[in-house]
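*Asks:* no FASTA, just this:
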């Protein structure tokens, strides 16, 4: 699989994402936000965590208007795969790729710790190596991770099996404990927790490794 990792001013998890994808055997190219084209033959675009453009205006608002993101949107519109983690999830909602918004955590504090998730969807390329309802440990690091969507959007997410992950012990007030969601065609995933931070023995947990190892492998 060939992946592009988009890098913005303030991204601080792009190297983590590159390492996780490389570890699972994928070819990775980092792409600066001012570029106007994606590399050829890209299968997956990954938008990493961090604080793009210092989180000015709203988290992800400026990044969603960057030159390279026009090409990311074209990639998604063509049916290409995309992944947004933490700030990347915020960018995808700002761009209207995924429904809902990410609000300030309910206790208004930045949270950085490992949390337990339940895997709800096991049919997407991102989740098929997990078992339905399986608990996994994945780190979070965010201040605006409180997911909210309208009742109509929430119904569409449920009816379309588009809720990928839920928190077991909700850390941020997210609606119905939602930690990650899929697009209508299940080819785009946005999630607040960082699977790239639990991929190696040195991390103390490898629950994120199946996420990357299963990309584009038979499900």
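*Replies:* Looks like it arrived, so ask away. Every value quoted in this text rests on a predicted model; they were computed, and no experiment measured them.

*Asks:* So residue 81 is in contact with residue 187, correct?
*Replies:* Yes: with contact defined as Cβ atoms under 8 Å, residue 81 reaches residue 187; the gap is 5.0 Å. (Glycine included, C-beta is placed from N, CA and C.)

*Asks:* Please say which of those two ends up with more neighbours.
*Replies:* Taking other Cβ atoms under 10 Å, residue 81 and residue 187 do not tie; residue 81 has more neighbours (24 against 17).

*Asks:* isn't residue 216 right up against residue 24?
*Replies:* No: the pair residue 216 / residue 24 is not scored as a contact, 10.1 Å apart, by Cβ under 8 Å.

*Asks:* one step back: joint contacts of residue 81 and residue 187?
*Replies:* residue 125 (Cβ atoms under 8 Å, 6 or more residues apart in numbering).

*Asks:* if we can go back for a sec, same drill for residue 216 and residue 24, tell me which one is more crowded.
*Replies:* When residue 216 and residue 24 are compared for neighbours, residue 24 comes out ahead with 18 against 13, by other Cβ under 10 Å.

*Asks:* which stretch of helix or strand covers the nearest residue to that one once chain neighbours are set aside?
*Replies:* Using Cβ to Cβ, 6 or more residues apart in numbering and skipping the chain neighbours, the partner closest in space to residue 24 is residue 212 (3.9 Å). Applying DSSP states H and E as the criterion places residue 212 in helix 209-213.

*Asks:* Can you tell me which helices and strands that helix packs against?
*Replies:* Counting contacts by 3 or more Cβ pairs under 8 Å, 6 or more residues apart in numbering; DSSP states H and E, helix 209-213 packs against helix 14-23.

*Asks:* buried stuff in the helix it packs on?
*Replies:* 14, 16-18, 20-21 (16 or more other Cβ atoms under 10 Å).

*Asks:* Show me what it is packed against.
*Replies:* The contact analysis (3+ Cβ pairs under 8 Å, 6+ apart) places helix 14-23 against strand 2-7, strand 27-32, helix 209-213.

*Asks:* quick one: contacts of the last one?
*Replies:* Residues external to helix 209-213 that are found in contact with it (Cβ under 8 Å, 6+ apart): 20-21, 23-26, 126-127, 129-130, 195-196, 198-200.

*Asks:* same question, the second one
*Replies:* Applying Cβ under 8 Å, 6+ apart, the contact partners of strand 27-32 are 1-7, 14, 18, 21-22, 38-39, 42, 68.
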